[in-house]
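Trainee: Take this sequence and fold it.
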Amino acid sequence: MLVKRTMSKNVVSVSVPGNREKVLDLMRKENKAVLPVVKEDTNKLVGVITRSDLINNPDEEQIAMLMSRNLVTVSPDDDVTDAARIMIDNNVRRVPVINDDEELVGIITSFDLVSKALTKVNVDDAVENYMITTVPTTWVNAPLNVAFETMNQFGLKSVLALDDDAKLAGILTETDFISEIEIISERSEHSSTVGTEGDKWSWDSTSVLYIEKNHLKFTDKVVGDVAVGNVEVANSKTKVTDCAKKMKSLNIEQIPVIGVEGDLVGLVRASDLIKALVE
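Mentor: Residues are numbered from 1 along each chain as shown. Presented below is the predicted three-dimensional model:
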């Protein structure tokens with residue numbers, strides 16, 4: 001199967017020059033985690049900007065300074081297995097598709113590969129061989145900023161919420177967090193006094209430095225207010241193809257995995273399952 005038969009052709013992109021507010025508004029409106037960046041008045045791909053770029057650089061306003069210019073791309077005529085291998089090798093979940101003129105013609109995601117390619121092959125291997133077992137968890141009554149920091153420490157895009165009995169109660173993704181934050185600008189004053197040593201008649205001079213810095217501010221909600229409840233799960237022995245079909249039917253990119261005794265044992269993501277396409 002070729003990339004052009006699997007990719008999304010209606011790509012939501014942003015152009016340069018532009019600012020962070022434009023990107024943030026578009027991401028919230030379109031529910032996108034990543035936006036390709038094109039040169040203004042053209043369709044020439046010049047970069048990619050992610051939610052993480054916005055979150056990790058609150059002081060930067062310009063898209064050109066926030067976006068990544070180290071582009072990983074595929075061609076419409078590449079095979080989907082090549083696209084999967086590129087995603088795995090570069091640890092990314094989505095790749096822009098460009099033509100010979102470096103113009104943006106589509107985007108292909110790990111979810112596209114799972115829902116449109118992996119569901120069409122029979123992989124009997126169990127998801128326990130693909131899932132990650134080190135998964136961030138947080139309490140349902142934890143403040144959002146604490147849960148967000150927990151997720152960041154693991155370098156993942158989601159965190160699982162546990163109830164008072166340590167049972168799975170919900171899941172939060174980076175998308176859920178970004179809808180609950182705003183960028184706050186604070187100005188601090190730093191002063192120092194300098195005098196002339198040995199001259200009691202000299203005037204001391206005061207130097208004042210004003211520093212303006214942006215930071216993230218979360219709403220006062222707790223995890224349980226934002227987390228998606230009634231979480232669908234997979235069993236550790238679930239077949240890869242069956243898990244892919246569940247992701248497709250539910251339109252989700254990740255599923256918590258429970259063991260034979262019902263305990264949480266891991267998390268399987270679309271970006272994990274695509275490894276089955278190249279093995």
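
Trainee: Contacts for stretch 118-128 next, please.
Mentor: Stretch 118-128 has contacts (Cβ atoms under 8 Å, 6 or more residues apart in numbering) with 1, 234-241, 243-245, 248, 257, 265-266, 268, 273-274, 276-277. Quick note: C-beta positions are derived from backbone N, CA and C, even for glycine.

Trainee: List the ones among these that fall in helices.
Mentor: Mapping the contacts of stretch 118-128 onto helices (DSSP state H) picks out 240-241, 243-245, 248, 273, 276-277.

Trainee: which one among the residues you listed gets closest to Ala161?
Mentor: Nearest to Ala161 out of the ones in helices among the contacts of stretch 118-128 is Cys243 (Cβ to Cβ; 21.4 Å).

Trainee: do you know how far the closest one is from Asp176?
Mentor: Applying Cβ to Cβ, to the nearest Å, the value for Cys243 to Asp176 is 22 Å.

Trainee: between those two, who's got more neighbours?
Mentor: Remark: of Cys243 and Asp176, Cys243 carries more neighbours, 27 against 19, as counted by other Cβ atoms under 10 Å.

Trainee: one step back: can you tell me which of the ones in helices among the contacts of stretch 118-128 is nearest Leu113?
Mentor: Lowest distance from Leu113 to the ones in helices among the contacts of stretch 118-128 (Cβ to Cβ) belongs to Leu277, with 6.4 Å.

Trainee: What segments of the stretch 51-200 of the chain are helices?
Mentor: 51-56, 63-66, 80-90, 110-116, 144-154, 174-178 (DSSP state H, counting those that start in this stretch).

Trainee: Distance to Val34 and mean pLDDT for those - can I get that in JSON lines?
Mentor: Shown next, in JSON lines, are the helices of the stretch 51-200 of the chain (distance: least, Cβ to Cβ, whole Å; pLDDT from 0 to 100):
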{"stretch": "helix 51-56", "distance to Val34": "8", "mean pLDDT": "82"}
{"stretch": "helix 63-66", "distance to Val34": "12", "mean pLDDT": "92"}
{"stretch": "helix 80-90", "distance to Val34": "12", "mean pLDDT": "95"}
{"stretch": "helix 110-116", "distance to Val34": "12", "mean pLDDT": "95"}
{"stretch": "helix 144-154", "distance to Val34": "17", "mean pLDDT": "90"}
{"stretch": "helix 174-178", "distance to Val34": "11", "mean pLDDT": "81"}
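
Trainee: Pick the most deeply packed of these.
Mentor: Most buried of the helices of the stretch 51-200 of the chain, by mean neighbour count (mean count of other Cβ atoms under 10 Å): helix 110-116, with a mean of 23.

Trainee: Return the distance of it from the chain's centre.
Mentor: Averaging C-alpha coordinates over helix 110-116 and over its chain gives two centres that are 17 Å apart (Cα atoms, centre = their mean, to the nearest Å).

Trainee: all strands of this structure, in order?
Mentor: Along the chain, the stretches classed as strands by DSSP state E are 14-16, 34-39, 45-50, 94-98, 104-109, 137-139, 158-162, 168-173, 181-194, 205-218, 234-235, 254-258, 264-269.

Trainee: what's the closest of those to Val72?
Mentor: The minimum distance between Val72 and the strands of the chain falls on strand 94-98, with 5.7 Å, by Cβ to Cβ.

Trainee: picking up where we left off before, need the buried ones from the contacts of stretch 118-128 selected in PyMOL.
Mentor: The following PyMOL line selects those of the contacts of stretch 118-128 that are buried, judged by 16 or more other Cβ atoms under 10 Å:
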select buried, resi 234+235+236+238+239+240+241+243+244+245+248+257+265+266+268+273+274+276+277
